[in-house]
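Novice: Sequence and predicted model, in that order:
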Amino acid sequence: MSNREKMSSLEIRTSFILASIYALRMLGMFLILPIFAIYASGLEGNPTSFQIGLALGIYGLTQALFQIPFGMSSDYFGRKKVIYFGLLLFVIGSIVAALSSTIEGIIIGRSIQGAGAISAVLTALLADLTRDEHRTKAMAIIGGGIGLTFALSLVISPWLNTLIGVTGIFLLMAVLSVLAFFIVHFFIKEPRSEGKKTPITQADFLSLIKDIHLNRLNFGIFVLHATQISMFMIVPIYLISQGGIDLSSHWYIYLPVLIVSFLLIIPVIIFSERYHKNKLTFLGAILFLLAAQITFMVFSATLTGIIVALLIYFVGFNFLEASLPSLVSRVAPINKKGLALGVYNTSQSLGIFIGGSVGGLITKFYGYNGSFLFCIILIGVWFAFSCQMKVPLVKKN
């Protein structure tokens, strides 16, 4: 294998460092996801399911509002400066949420957290620092890091809740963000091309918005995270009410399910790459998400049914979470990746908002099965929209 076919040591190090920063940011969403619905129900004023969903989802709304401006700003002012500012906002929001004893205060804190919208900037920086033929691997590291972060959060969140409570978890998020600031400062270099101040035109933006290939991927990440948030407002409640498992012991379920799901993904990836069946495995992963929602609706009365549904879900989720950002990096114009990834991450953030707010509203009026039906409809539309997708080839420099 030639040197060009291998990732350089710098590319590998950069990929893992930025994946860790990305993971720290995603902890802002994932760490409270398995416990928040239970915690929030005991806050002052007896919050409704809509308010609880809004507290989860408002993070995604402000992320969505700031992703594109942050991505565009990073194309002009430089990646690292924008990352510093975003991390500062996340620290402030974490502290506000930690000091709040009402659902309204937490909503405000979560909205400030979300305003630190650095996801697109991080992925654009990674694209700057890796060669095109290795960018898929680098983006897959970030996507895999998100999946691992989600998995880790499900396992440690109930334990952290017992140890330091939700207030302590919010403060921990602030500390981790400060750590991320120093990691970026000392271990990540500025891209050489950063000095080129290329303004973003309206035509640039419209060309990305009209790109059908990017739209399929953007809609995909929207659905993936909308259904994730909507589903995990219910799963912890099911594990307690249907499975008889205390919140602090939920990791007993999540950990083995996640390990098995990762083991099942390995042969899928090997099959996909060896036989060039990327599209087939991508569509199959979407169908796994659909099957998981149906399983929840039909078999959630038993602990076995919940476990099977979770296993099916995580096989699909982890594969798609790792695949989508690498596909976007290959489709997006090379000189507008900051903007393109801003649109992509805006779609992800809108999914978080819709999953929390609309999912909570549907649960309030139509119950848990209504929320799962909402997820089934979204995933079904995504599958139909993706049937015409084309997986781009890796371009060699």
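Specialist: Done, it's in.

Novice: Kindly list the longest helix within this structure.
Specialist: Longest helix in the chain by number of residues (criterion: DSSP state H): helix 132-187.

Novice: can you list contacts of the helix or strand just after it?
Specialist: As assigned by DSSP states H and E, the chain's next helix or strand after helix 132-187 is helix 202-209. Helix 202-209 is contacted from outside by 214, 215, 332, 333, 336, 339, 340, 343, using Cβ atoms under 8 Å, 6 or more residues apart in numbering. C-beta here means a position set from N, CA and C on the backbone, and glycine is covered the same way.

Novice: of those, closest to residue 166?
Specialist: For these, the residue nearest residue 166 by Cβ to Cβ is residue 343; the value is 32.5 Å.

Novice: Out of the helices and strands in this protein, which is least certain?
Specialist: Sorting the helices and strands of the chain by mean pLDDT, DSSP states H and E puts helix 202-209 at the bottom, at a mean of 76.

Novice: right, and the helix or strand after that helix?
Specialist: Of the helices and strands lying after helix 202-209 in sequence (DSSP H and E), the nearest is helix 212-232.

Novice: rewinding a little: now the longest helix of the chain against helix 212-232, angle please.
Specialist: Helix 132-187 and helix 212-232 meet at an angle of 60 degrees, taking axes from the mean of the first three to the mean of the last three Cα atoms, to 10 degrees as the criterion.

Novice: For helix 132-187, which helices and strands make contact with it?
Specialist: helix 9-30, helix 36-40, helix 79-98, helix 119-128, helix 251-274, helix 303-331 (3 or more Cβ pairs under 8 Å, 6 or more residues apart in numbering; DSSP states H and E).

Novice: circling back: out of the contacts of helix 202-209, who's nearest residue 307?
Specialist: For the contacts of helix 202-209, the residue nearest residue 307 by Cβ to Cβ is residue 215; the value is 35.4 Å.

Novice: Return the distance of that closest one relative to residue 125.
Specialist: Residue 215 is 24 Å from residue 125, where distance means Cβ to Cβ, to the nearest Å.

Novice: go on, residue 98?
Specialist: Going from residue 98 to residue 125 by Cβ to Cβ gives 29 Å.

Novice: In terms of neighbours, single out the busier of these two.
Specialist: Neighbour comparison, residue 98 and residue 125: the larger count goes to residue 125, with 29 against 20 (by other Cβ atoms under 10 Å).
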